[in-house]
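K.L.:
Below: sequence and its predicted model.
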Amino acid sequence: MEAVSVKSRIVCNIDFEKDGRQAGYARAPLSRNNSGWGTVEIPIIVVKNGNGPTVLLTGGVHGNEYEGPIAISRLAQSLDPGAVNGRVIMMPAVNIPAVLADTRLTPVDNWDINRCFPGNPKGTFSQMLAHFLDSVILPMADISVDMHTAGTSFDSALSTNMHYLPDATMREKTMAAAAAFGAPYNVVFGGVDESSTFTSCVERRGIISLGTELGGWGRVNIEGVRIGRRGVDNILKHMGVIGGAPETEQKDGATRTRHMMVRDPASYTFAPRGGLFEPTHYVGEEVQAGEVAGWVHFIEDVDTAPIELRYAKDGVIWFGAGPGRVARGDAVAIVMEDYDDRWPS
Ligand SMILES: [Zn+2]
């Protein structure tokens, strides 16, 4: 085994094998200037009854993404242990220092937790927390739903997402779970430098892994909360942890999730220079290759024409930059296409 098998320094007062509802904290040591033996308390709620499967729900891995934490908190406060066959582990605010500071990165070490898996129990706070999730929490799970949004710089079409898994059985199982979650879209994508993400850790352990993108632009997306709250219930139904069939009707009248993919570098539109970006489409809108994606303005220079950007693919906008300043090399739009199972190797 690699070094990551070393014991976690995070202490959790929950008995994960006990039936009933437990709400408590995982306590991570954090020595500070004014508290040498200080801890950070990470909320965990576990509801268990019987021997059914274990569903892991995580939110707040990035602290400025709100819909997942709200949806998981709502479930955690209402889930009746008597209605459960299995175990539901709910962590609505995984990266609690970032959640309380309203930031993507962990303020105590400036790391992105979702870029430091499988972590290190002797590392920084983020590395220690990543290691705890991978080595203590994940081995209990049959499915993981890690709820994100596009943060502040992007908005996202309301969607689940997953890697294109080479194993056809796991791919089908994951797509079935995504269809049950019931977001308007499910996006299958090829990972780019993904080995350090939570999703990759979940997959390495042979566990079904779903992500979500339920809004962005730094605000609470009302429909994103509704889809997220319904989605976590739907996953519990899909796994047989609670009774009933998933509800997948969409606001626009569609009856189910539309499976999409992003596998082509041409799906991304980048800003060639820094400036003030004016987009032309909202997320979820259909666009065509060659259509104007927006303009980069140079407000500080008088009489300087904006640069016009165009999409390179037909499809639907998955991620769209907000009207605001972009840096040279930033993606300003990501276009998704309808899913095709014949994936190039
Ligand atoms: Zn995120």
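P.N.:
Now that the structure is in, tell me what you want to look at.

K.L.:
pull the CA atoms of stretch 124-143 into PDB?
P.N.:
Extracted C-alpha coordinates of stretch 124-143, given in PDB (Å, rounded to 0.1, in the frame of the first residue of the first chain):
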ATOM      1  CA  THR A 124      -2.100  20.600   5.300                       C
ATOM      2  CA  PHE A 125      -5.700  20.900   6.500                       C
ATOM      3  CA  SER A 126      -7.000  20.200   2.900                       C
ATOM      4  CA  GLN A 127      -4.700  17.200   2.400                       C
ATOM      5  CA  MET A 128      -5.700  15.800   5.800                       C
ATOM      6  CA  LEU A 129      -9.400  16.200   5.000                       C
ATOM      7  CA  ALA A 130      -9.100  14.600   1.500                       C
ATOM      8  CA  HIS A 131      -7.300  11.700   3.100                       C
ATOM      9  CA  PHE A 132     -10.100  11.300   5.700                       C
ATOM     10  CA  LEU A 133     -12.700  11.300   2.900                       C
ATOM     11  CA  ASP A 134     -10.800   8.700   0.900                       C
ATOM     12  CA  SER A 135      -9.600   6.400   3.600                       C
ATOM     13  CA  VAL A 136     -12.400   6.600   6.300                       C
ATOM     14  CA  ILE A 137     -15.600   7.600   4.500                       C
ATOM     15  CA  LEU A 138     -15.400   6.300   1.000                       C
ATOM     16  CA  PRO A 139     -14.800   2.600   1.900                       C
ATOM     17  CA  MET A 140     -18.300   2.600   3.400                       C
ATOM     18  CA  ALA A 141     -20.100   3.900   0.300                       C
ATOM     19  CA  ASP A 142     -21.800   2.200  -2.700                       C
ATOM     20  CA  ILE A 143     -22.500   5.500  -4.400                       C
END
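
K.L.:
Name the residues of that stretch that come out as buried.
P.N.:
Under the neighbour-count criterion of 16 or more other CB atoms under 10 Å, stretch 124-143 has 124-138, 141-143 buried. Every C-beta, even on glycine, is put in place using the N, C-alpha and C of the backbone.

K.L.:
Now intersect those residues with the strands, please.
P.N.:
Taking DSSP state E as the definition of strands, the buried residues of stretch 124-143 contribute Ile143.

K.L.:
Check the spacing between Thr248 and Val46 real quick.
P.N.:
27 Å (CB to CB, to the nearest Å).

K.L.:
neighbour-wise, which of those two wins?
P.N.:
Per other CB atoms under 10 Å, whichever of Thr248 and Val46 has more neighbours is Val46, with 24 against 18.

K.L.:
Residues in contact with whatever helix or strand that one lives in: which ones?
P.N.:
Element membership for Val46, per DSSP states H and E: strand 39-49. Contacts of strand 39-49 with the rest of the structure, by CB atoms under 8 Å, 6 or more residues apart in numbering, involve 10, 12, 14, 16-30, 76, 79, 81-82, 84-94, 96-97, 108, 125, 129.

K.L.:
any idea how far the residue nearest to Glu65 when sequence neighbours are not counted is from Phe319?
P.N.:
Distances taken as CB to CB, 6 or more residues apart in numbering place Thr149 nearest to Glu65, at 4.0 Å, with adjacent residues excluded. Distance, Thr149 to Phe319, by CB to CB: 10 Å.

K.L.:
who touches both of these two?
P.N.:
Contacts common to Thr149 and Phe319, judged by CB under 8 Å, 6+ apart, are Ser156, Glu213, Gly216.

K.L.:
The last one contacts Leu158, doesn't it?
P.N.:
No. Under the criterion of CB atoms under 8 Å, Gly216 is not in contact with Leu158, lying 10.2 Å apart.

K.L.:
that older thread, between Thr149 and Phe319, which is the more surrounded one?
P.N.:
Neighbour totals were compared for Thr149 and Phe319, and Thr149 leads with 28 against 25 (other CB under 10 Å).

K.L.:
picking that back up, okay, now the sheet partners of the strand holding Val46, with direction.
P.N.:
Strand 39-49 has the following strand partners under DSSP bridges: strand 20-29 (antiparallel), strand 86-91 (antiparallel).

K.L.:
Whatever residue of the stretch 101-250 of the chain ends up closest to the ion: neighbouring residues, count only.
P.N.:
Going by CB to the ion, the ion is nearest to His148 of the stretch 101-250 of the chain, at 3.3 Å. Applying other CB under 10 Å, we find 23 residues neighbouring His148.

K.L.:
which residue ranges form the helices in the stretch 51-200 of the chain?
P.N.:
Along the stretch 51-200 of the chain, the segments classed as helices by DSSP state H, counting those that start in this stretch run 67-78, 96-101, 125-132, 168-181, 198-204.

K.L.:
Worst mean pLDDT among those helices?
P.N.:
The stretch with the lowest average pLDDT out of those is helix 198-204, scoring a mean of 92.

K.L.:
Need the residues that contact that one.
P.N.:
Helix 198-204 is contacted from outside by 58, 61, 113-114, 117-118, 130, 133-134, 138, 141, 144, 146, 162-163, 165, 170, 191, 194, 208-209, 211, using CB under 8 Å, 6+ apart.
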